[in-house]
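Asks: Take this sequence and fold it.
(chains A, B, C and D)
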2 protein chains.
Amino acid sequence: MLASEIPGVSTAHGHKFRNPNVAAVRPERDLPAPVFFRAGSEIYAEGDACGKLYRVAFGCVRVYRLLSDGRRQISAFHLPGEVFGFEAGKERRFFAEAVCDSGIQILSTGSGSEEMANELLPMALQCLLRAEDHLMMLGRQNAMERIASFLLEMAEQQGEQSHIELPMTRSDIADYLGLTIETVSRAFSTLKRRGVIRLTGLRGVDIVQRQALTAMACH
Amino acid sequence: MLASEIPGVSTAHGHKFRNPNVAAVRPERDLPAPVFFRAGSEIYAEGDACGKLYRVAFGCVRVYRLLSDGRRQISAFHLPGEVFGFEAGKERRFFAEAVCDSGIQILSTGSGSEEMANELLPMALQCLLRAEDHLMMLGRQNAMERIASFLLEMAEQQGEQSHIELPMTRSDIADYLGLTIETVSRAFSTLKRRGVIRLTGLRGVDIVQRQALTAMACH
DNA sequence: CGGGTAATTGAACTTTTTCAACGCGCGTGG
DNA sequence: CCACGCGCGTTGAAAAAGTTCAATTACCCG
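Replies: Next up is the predicted model:
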């Protein structure tokens, strides 16, 4: 099932979010058929039972938590090929939603093959690795550095092209980077004014001066 | 080996950091004798080979990363009973140092028993859970909320006493919370002025109004 | 082409940082 | 025993960064 096969669904972005950096969990043929989720629809919610894992076939997923007063922190965006849904404990503390129209393969872990259980730890560690990069960014980088890191991260997830598509809104980006939408928007504008990036529509970004970005991200 | 057996070493804090919330990896008798680390000394560094895990017998450990310009983000403090040192990849990207004089048990994982391999995934997930709490804090909470969360976290790690000992300096706390030492200090002063906490020396904190703290932490 | 959502921009304001000065506690050496 | 220095912590004032609120513009989709 592809986005392009679903009537009435825009495929302008759907098929572009390939992620060449993530090995398949197991051969594609062993994976269940993807379930389709409309943009914005819920994949799981806080309070749901843990136990299932999910794999993005196409589209994009945001995983987030909410504070009681509604402040949101997005902990990760997942692009095609990535597995998400790890959580310690019995009940989920996170929400997962489709950022754009997406196809999701549902993997049941407990009953899975032993072969799969062996891959769980590396995947969890990969998750941890990303969380720890994210931590550094939120704790110690300023707005411009976070935006630069974010663009490079997206470029890497999409195979190091100089053109990237951002499936998420400024609001999503803000909640991922711990900023406001206005600050995100201003940082984009500044990068554009300096000729570091070009904005093509609301979603597209051309990276004109990659090394300027890496210098800003200052790892 | 206990801190109190080491001549010339202050034991004023060493024995106080018990953590009743963490189950031992395996029965205490199977654990190797702890290695002693002086306050400030390095346990491992960025670039070291991964593969060993560590368990805090007594004392406290900080795990952190550095940006190229020296900015530091502490990703966790580990108190007695906790296991640390998980990292994906071959080489470490983190540093670990003793915050105060500490005893560390070194567990070699690869060659470990199968029984231990089975505990790796839960431990990694536990790690992930903490990282994600931390992420929320850094991304979406203000200075006072972070300090309140931090104090409650320390209280929980030390068994929900109303008196807690902070083995780390203000600078460590600042680098854990993504703030400056001045901001940390001002938040402590404000809490003191409001009668929420009492400061007993540089390291001790009495929690006078616990529910005021939980209200501030606003989970 | 027109409507509505999302994004951008400006200006005032708030929070946090930065820079600088000062104080406290403690150990050392005169 | 006391003076001194040193590390750590606190406090104040000014500056910077980011947020908030409000108004405007751009883009996508029918």
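Asks: I'd like the distance between the spatially most central residue of chain A and residue A:93.
Replies: Centrality entry for chain A: nearest residue to the mean C-alpha point is residue A:77, 1.6 Å, by Cα atoms, centre = their mean. Shown here: residue A:77 relative to residue A:93, a distance of 18 Å by Cβ to Cβ, to the nearest Å. For glycine as for every other residue, the C-beta is placed from the backbone atoms N, C-alpha and C.
Asks: Looking at residue A:11 now. What's its pLDDT?
Replies: On the pLDDT scale, residue A:11 is placed at 36.
Asks: Would the longest helix along chain A count as contacting chain B?
Replies: Determined from DSSP state H, the single longest helix within chain A is helix A:114-140. Yes - counting by Cβ under 8 Å from any Cβ of the partner chain, contacts between helix A:114-140 and chain B involve A:120-122, A:124-129, A:131-132, A:134-136, A:138-140.
Asks: Break chain A down into its domains, please.
Replies: Residue ranges for the domains of chain A, per automatic domain parsing: A:3-140, A:143-217.
Asks: send the alpha carbons of stretch A:54-64 over as CSV?
Replies: Presented in CSV, the C-alpha positions along stretch A:54-64 are these (Å, rounded to 0.1, in the frame of the first residue of the first chain):
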residue,chain,number,x,y,z
TYR,A,54,5.7,0.3,15.1
ARG,A,55,7.6,0.8,11.9
VAL,A,56,7.1,3.7,9.5
ALA,A,57,6.5,2.5,6.0
PHE,A,58,5.9,5.9,4.6
GLY,A,59,5.1,9.3,6.0
CYS,A,60,6.2,10.7,9.3
VAL,A,61,5.3,10.2,12.9
ARG,A,62,5.7,12.5,16.0
VAL,A,63,6.2,11.1,19.4
TYR,A,64,5.5,13.5,22.3
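Asks: what about it, average pLDDT?
Replies: If you average the pLDDT values across stretch A:54-64, you get 97.
Asks: where's it relative to the chain centroid, distance-wise?
Replies: A distance of 7 Å separates the centroid of the chain from that of stretch A:54-64, by Cα atoms, centre = their mean, to the nearest Å.
Asks: Do any residues in that stretch lie close to chain B?
Replies: No - Stretch A:54-64 is not in contact with chain B by Cβ under 8 Å from any Cβ; minimum separation 9.2 Å.
Asks: what about that stretch and DNA strand C, touching?
Replies: No - Stretch A:54-64 stays clear of DNA strand C (Cβ under 7 Å from any atom of the strand), getting no nearer than 13.4 Å.
Asks: cool, and stretch A:177-195?
Replies: Yes - residues of stretch A:177-195 are located near DNA strand C by Cβ under 7 Å from any atom of the strand, namely A:181, A:182, A:184, A:185, A:186, A:188, A:189.
Asks: JSON lines for those residues, including neighbour count, pLDDT and secondary structure?
Replies: Listed next are the residues of stretch A:177-195 next to DNA strand C as JSON lines, based on neighbours: other Cβ atoms under 10 Å in any protein chain shown; pLDDT from 0 to 100; DSSP: H, G, I helix; E, B strand; the rest coil:
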{"residue": "A:181", "neighbour count": "14", "pLDDT": "98", "secondary structure": "helix"}
{"residue": "A:182", "neighbour count": "10", "pLDDT": "98", "secondary structure": "helix"}
{"residue": "A:184", "neighbour count": "23", "pLDDT": "98", "secondary structure": "helix"}
{"residue": "A:185", "neighbour count": "14", "pLDDT": "98", "secondary structure": "helix"}
{"residue": "A:186", "neighbour count": "15", "pLDDT": "98", "secondary structure": "helix"}
{"residue": "A:188", "neighbour count": "19", "pLDDT": "98", "secondary structure": "helix"}
{"residue": "A:189", "neighbour count": "11", "pLDDT": "98", "secondary structure": "helix"}
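Asks: Of the residues you listed, just say which sits nearest to residue A:205.
Replies: Proximity of the residues of stretch A:177-195 next to DNA strand C to residue A:205 (Cβ to Cβ) peaks at residue A:188, which lies at 8.1 Å.
Asks: shouldn't the closest one be in contact with residue A:147?
Replies: Yes - Residue A:188 lies in contact with residue A:147 (Cβ atoms under 8 Å); the separation is 6.9 Å.
Asks: tell me how far stretch A:209-217 is from the chain's mean position?
Replies: Here stretch A:209-217 is found 21 Å from its chain centre; the criterion is Cα atoms, centre = their mean.
Asks: now swap in stretch A:191-207 and tell me
Replies: Centroid separation for stretch A:191-207 versus its chain: 20 Å, with Cα atoms, centre = their mean.
Asks: Ramachandran angles for the closest residue in space to residue A:190 that isn't next to it in sequence?
Replies: Distances taken as Cβ to Cβ, 6 or more residues apart in numbering or on different chains place residue A:144 nearest to residue A:190, at 7.1 Å, with adjacent residues excluded. Backbone torsions of residue A:144, given as degrees, to the nearest 10, read phi -70, psi -40.
Asks: Count the neighbours of residue A:144 for me.
Replies: By the measure other Cβ atoms under 10 Å in any protein chain shown, the count of residues near residue A:144 is 15.
Asks: Quick check: beta-bridge partners of residue A:107?
Replies: residue A:53 (DSSP bridges).
Asks: I'd say it and residue A:57 touch.
Replies: No - Residue A:107 is not in contact with residue A:57 according to Cβ under 8 Å; the separation is 11.6 Å.
Asks: Any chance you could list residues touching both of these two?
Replies: residue A:31 (Cβ atoms under 8 Å, 6 or more residues apart in numbering or on different chains).
Asks: For residue A:174, list the residues it contacts.
Replies: Counting by Cβ under 8 Å, 6+ apart, residue A:174 touches A:180, A:181, A:183, A:184.
Asks: Go through those residues and say which is closest to residue A:217.
Replies: If you rank the contacts of residue A:174 by distance to residue A:217 using Cβ to Cβ, residue A:184 comes first, at 15.4 Å.
Asks: and the gap between that closest one and DNA strand D?
Replies: Distance, residue A:184 to DNA strand D, by Cβ to the nearest atom of the strand, to the nearest Å: 8 Å.
Asks: hang on, that residue packs against residue A:166?
Replies: No - under the criterion of Cβ under 8 Å, residue A:184 makes no contact with residue A:166, lying 10.7 Å away.
Asks: Quickly list what's touching both of those two.
Replies: Taking Cβ under 8 Å, 6+ apart as the contact rule, residue A:184 and residue A:166 both touch residue A:173.
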